[in-house]
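Asker: show me the folded form of this:
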Amino acid sequence: MSKKKKSLPARKVSQVPVMGAEDKGSQPPAQEGAAVRVATGGVVPPITPAQFLSWKQRKDAQEAAQKAEAAQKRAADIASGAVQMNGRELFQHEPWVFDNNIY
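Answerer: Sure, this is the predicted structure:
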């Protein structure tokens, strides 16, 4: 008795993850995908270095904006007393707490 290996099903072009699709939560417009499939005979072309750099710059800008927004929200929460400060934040906002000359 021979055991047959189960092979993974072939992925269709529509199932191939698209760069940047995680940002939008959906696939690119159907017309773009259809045009790529028709032009390349059903094979998705590799990305160019220029396309990658463009995507990377957009992704870095989004990440920086999210970090700045989170930092701004954290600063507002600290100022209002809604959250407890960590050691670094306490040192920056109330350095007199760490002054050992008082003792």
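
Asker: any buried residues in the helix or strand hosting Phe52, and which?
Answerer: Taking DSSP states H and E as the criterion, Phe52 maps to helix 49-80. By neighbour count on 16 or more other CB atoms under 10 Å, the buried set for helix 49-80 is Ile78. Quick note: C-beta positions are derived from backbone N, CA and C, even for glycine.

Asker: helix or strand right after it?
Answerer: Sequence-wise, the next helix or strand downstream of helix 49-80 (DSSP H and E) is helix 87-93.

Asker: just to revisit the earlier point, what is the helix holding Phe52 packed up against?
Answerer: With contacts taken as 3 or more CB pairs under 8 Å, 6 or more residues apart in numbering; DSSP states H and E, helix 49-80 sits against helix 21-24.

Asker: contacting residues for the closest residue to Glu89 other than its chain neighbours?
Answerer: With CB to CB, 6 or more residues apart in numbering as the criterion, Glu89 has its nearest non-adjacent residue at 6.1 Å, and that residue is Ile78. Contacts for Ile78 were tallied using CB atoms under 8 Å, 6 or more residues apart in numbering; they are Met85, Glu89, His93.

Asker: give me the mean pLDDT for the helix holding Phe52.
Answerer: Average pLDDT, helix 49-80: 95.

Asker: next: stretch 84-91.
Answerer: Averaged over stretch 84-91, pLDDT sits at 89.

Asker: put the alpha carbons of it into CSV.
Answerer: C-alpha atoms of stretch 84-91 as CSV (Å, rounded to 0.1, in the frame of the first residue of the first chain):
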residue,chain,number,x,y,z
GLN,A,84,-0.8,56.5,35.8
MET,A,85,2.6,57.6,34.7
ASN,A,86,5.5,55.3,34.2
GLY,A,87,8.9,56.1,35.7
ARG,A,88,10.2,58.0,32.7
GLU,A,89,7.1,60.1,32.4
LEU,A,90,7.2,60.8,36.1
PHE,A,91,10.8,61.9,35.9
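
Asker: start the count at 48, not 1, going forward
Answerer: Fine by me, first position is 48 from now on; the one you just mentioned is stretch 131-138.

Asker: buried stuff in it?
Answerer: For stretch 131-138, a neighbour-count test (16+ other CB under 10 Å) marks nothing as buried.
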